[in-house]
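Undergrad: show me the folded form of this:
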Amino acid sequence: MVASPFSRSGVVVLDGGLATELQARGASLDDRLWSARLLIDRPDLIVDAHTAYFDAGADVAITASYQASFRGFAEQGIDRRGAADLMRRSIGAAAQARDAWWGAHTPDGRQRPLVATSVGPYGAVLANGAEYTGDYGRSVKELRDFHAERMEVLADPSAGADLLAVETIPSGLEARALGEVLADHADLPAWVAFSCRDEGHLCDGTPLEEAVPMVTVAPNVFAVGVNCTSPNHVASLVEVAARSTDRAVVAYPNRGASYDAVAKTWGPADPADFATLAWGWVEAGATLVGGCCGTGPDDIRAIAAAIR
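TA: So this is what the prediction gives:
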């Protein structure tokens, strides 16, 4: 089993919703590519958003590659070479922000932040909200082939990422496919986070305790857990994950709002205090905590202040 890529012990603070911060900075994400669209024409906004999270206390930047795929870019008229370049650009933007921020600050008590390449689910490419249902109609082989194709780019050591953030996985079939794909890239540490519909099940109904071993068959998976799920379910899900594995547990939920797949927007956010909630996730067993859709730098700042 690969060791954690983090150089110090204790709780690791993740960033918050990248798309949320991009929209706060005026970006329009009403596009099938979502935040990956900005890799084409506004990578500077992505750099700025990553920097805002480093300022807030994040130890990790999760890249803008969640919705990036050869299929998705092809639908925008971009060929395979161009698509691969854009995927690598997502890593470069996060590394650029990290290196500039670290060079200007180097704060006491902080490790140099890491860049985590976002690997979104098959449902993200469909752009119909299927990452919150797991209703794909695809076989394990089809899902394995889809992820293997872009993993050749995203997990390539020359691209510059420190680890993989495989996230918002709603399906047991997809978990099985990813376990096989990740095992083929065992030199790069990875976490896998599932999207869940309640306190014990993935969005497609697969029990979390059954999904966890599907991905931990890959020796480079150093952490498993949950993301982009209602914060009201997270403490229980963290407990389930912690019972199901000897790996670390990751938790970065959304704001508890519902997603409109047609308008590609989130509903009203839950006003819950994320710093208080984060303590509950840590007490339940999480050692990597942050936020997803609907959360911003202020939430991460509060989590970092409470934990540190």
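
Undergrad: wait, Phe274 sits on Gly291?
TA: Yes: contact criterion Cβ atoms under 8 Å: Phe274 and Gly291 qualify, at 6.1 Å. The C-beta positions use only the backbone N, C-alpha and C, and glycine is treated the same way.

Undergrad: between the two, which one's more packed in?
TA: Gly291 (32 against 27; other Cβ atoms under 10 Å).

Undergrad: before we move on, back to that, got any residues that touch both of Phe274 and Gly291?
TA: Common contacts of Phe274 and Gly291 (Cβ atoms under 8 Å, 6 or more residues apart in numbering): 299, 303.

Undergrad: let's see the pLDDT reported for the residue nearest in space to the middle of the chain.
TA: Central residue of the chain (Cα atoms, centre = their mean): Glu167, 4.4 Å from the mean position. For Glu167, the model assigns a pLDDT of 98.

Undergrad: then it would be within a strand, right?
TA: Yes: under DSSP: H, G, I helix; E, B strand; the rest coil, Glu167 sits within a strand.

Undergrad: got a list of what it touches?
TA: 62, 66, 118-121, 192-193, 227-228, 292.

Undergrad: closest to Ile91 out of those?
TA: Closest to Ile91 out of the contacts of Glu167 is Ser118 (9.7 Å), distances taken as Cβ to Cβ.

Undergrad: any idea what the closest one is bridged to?
TA: Ala165 (DSSP bridges).

Undergrad: wait, it touches Leu163, no?
TA: No: look at Ser118 against Leu163 with Cβ under 8 Å: they stay out of range, at 10.8 Å.

Undergrad: the more surrounded of those two?
TA: Ser118 (26 against 23).

Undergrad: list phi and psi for Ala251.
TA: Here is the backbone geometry of Ala251 (degrees, to the nearest 10): phi -150, psi 120.

Undergrad: what's the answer for Gly10, then?
TA: phi 100, psi -180.

Undergrad: which residues touch it?
TA: Counting by Cβ under 8 Å, 6+ apart, the residues that Gly10 touches are Thr287.

Undergrad: could I have stretch 43-53 exported to CSV, CA atoms only?
TA: As requested, the backbone C-alpha atoms of stretch 43-53 are provided in CSV (Å, rounded to 0.1, in the frame of the first residue of the first chain):
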residue,chain,number,x,y,z
PRO,A,43,-7.2,29.6,-17.3
ASP,A,44,-6.2,32.7,-15.4
LEU,A,45,-9.5,32.6,-13.5
ILE,A,46,-8.7,29.0,-12.5
VAL,A,47,-5.3,30.1,-11.2
ASP,A,48,-6.9,32.9,-9.2
ALA,A,49,-9.5,30.5,-7.7
HIS,A,50,-6.8,28.1,-6.5
THR,A,51,-4.9,30.9,-5.0
ALA,A,52,-7.9,32.0,-3.0
TYR,A,53,-8.1,28.6,-1.4
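
Undergrad: list the buried residues of that stretch.
TA: Across stretch 43-53, burial judged by 16 or more other Cβ atoms under 10 Å covers 43, 45-47, 49-53.

Undergrad: tell me which of these is nearest to Leu182?
TA: Nearest to Leu182 among the buried residues of stretch 43-53, with distances taken as Cβ to Cβ, is His50, at 24.3 Å.

Undergrad: any idea how far that closest one lies from Ala94?
TA: From His50 over to Ala94 the distance is 5 Å, taken as Cβ to Cβ, to the nearest Å.

Undergrad: now the host helix or strand of Ala278, how far from the centre of its chain.
TA: In the assignment (DSSP states H and E), Ala278 maps to helix 274-284. When C-alpha coordinates are averaged (Cα atoms, centre = their mean, to the nearest Å), helix 274-284 and its chain have centres 19 Å apart.

Undergrad: what's next to that helix, contact-wise?
TA: Contacts of helix 274-284 (Cβ under 8 Å, 6+ apart): 11, 231, 234-236, 238-239, 242, 251, 289, 291, 295, 299, 302-303, 305-307.

Undergrad: derive a PyMOL selection command for the buried subset of those.
TA: In PyMOL, this line selects whichever of the contacts of helix 274-284 come out buried by 16+ other Cβ under 10 Å:
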select buried, resi 11+231+234+235+236+238+239+242+251+289+291+295+299+302+303+306+307
